[in-house]
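Show me the folded form of this:
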Amino acid sequence: MTIRVLIADDQAMVREGFSVLLNAMPGIEVIGEAVNGREAVAQVDALRPDVVLMDIRMPELNGIEATREIVAADGEAKVLVLTTFDLDEYVYQALRAGASGFLLKDASARRLADGVRVVAAGEALLAPTVTRRLITEFSRISTAPRTPALTRIGDLTERETEVLVLIAQGLSNAEIAAQLVVAESTIKTHVSRILVKLGLRDRTQAAVFAYEARLVTPG
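Below you'll find the predicted structure:
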């Protein structure tokens, strides 16, 4: 199946460049563009893309608020945030708003295409090491545990809480399985149950949740 992509960025050269790169990749088609967050929300509603490439800094409605509106309207929407710096503080806010991951604007054509495919498949586009570095750096923004997060922790079993902590530490399913001496399929089941119980979209959101609930502390 062809992955349908919408590009939201206020810079014409960025939109055109990404369009050329992605349209040249097999199985990917750019179906629309948006010049600001408000237009991105409207285009998502009209075109129903599989993945939205979302710039953070845009006029009228920034990428964070646009992501929040898009995800609120469609829980299955997949937003891939575009940023100039990999430790941009706004990336953390975008992940909290429901983005599935982020890419640097100077990403290679292959990495861009791979990122689109990963997000379209329902995975989070953050390698374990990147997850750990990003969340550790910007979880400092939250100075106290969020009450909803603390309340929902009680829904998890002891083993699920343990797995959640390891996710937040940046471990992959295979690494978690090795550490807990269980099958990787067992960990996948735990991860799925964690996401359902906590009402989260993916393991990146799970990592954010763990830090906000202070199950894991930065550093």
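
the helices in the protein, which residues?
Taking DSSP state H as the criterion, the chain carries its helices at 12-23, 37-47, 63-73, 89-97, 109-120, 128-138, 147-153, 158-168, 173-180, 184-198, 203-212.

For those, give me TSV that also has distance to residue 4.
Just so you know, the C-beta spots here come from the backbone N, C-alpha and C atoms, and that holds for glycine as well. Shown next, in TSV, are the helices of the chain (distance: least, C-beta to C-beta, whole Å):
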stretch	distance to residue 4
helix 12-23	10
helix 37-47	7
helix 63-73	15
helix 89-97	21
helix 109-120	9
helix 128-138	26
helix 147-153	33
helix 158-168	30
helix 173-180	28
helix 184-198	25
helix 203-212	22
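
pLDDT on stretch 175-183, on average?
Here stretch 175-183 scores 93 as its mean pLDDT.

And that stretch, what's buried?
Buried residues in stretch 175-183, counted by 16 or more other C-beta atoms under 10 Å: 176, 177, 180.

what do you get for stretch 3-17?
Going by 16+ other C-beta under 10 Å, stretch 3-17 has these buried residues: 3, 4, 5, 6, 7, 8, 9, 10, 14, 15, 17.

what's the closest of these to residue 163?
Of all the buried residues of stretch 3-17, residue 163 sits closest to residue 3, with 29.8 Å by C-beta to C-beta.

got the buried residues for stretch 193-210?
193-195, 197-198, 200-210.

ok, now stretch 97-107?
97, 98, 99, 100, 101, 102, 103, 105, 107.

give me phi/psi at the residue of the chain most remote from its centre?
Residue farthest from the centre of the chain, counting by C-alpha atoms, centre = their mean, is residue 181 at 28.4 Å. Residue 181 has phi and psi values of phi 60, psi 50 when expressed as degrees, to the nearest 10.

who's in contact with it?
For residue 181, no contacting residues are found, by C-beta atoms under 8 Å, 6 or more residues apart in numbering.

separation between it and residue 187?
11 Å (C-beta to C-beta, to the nearest Å).
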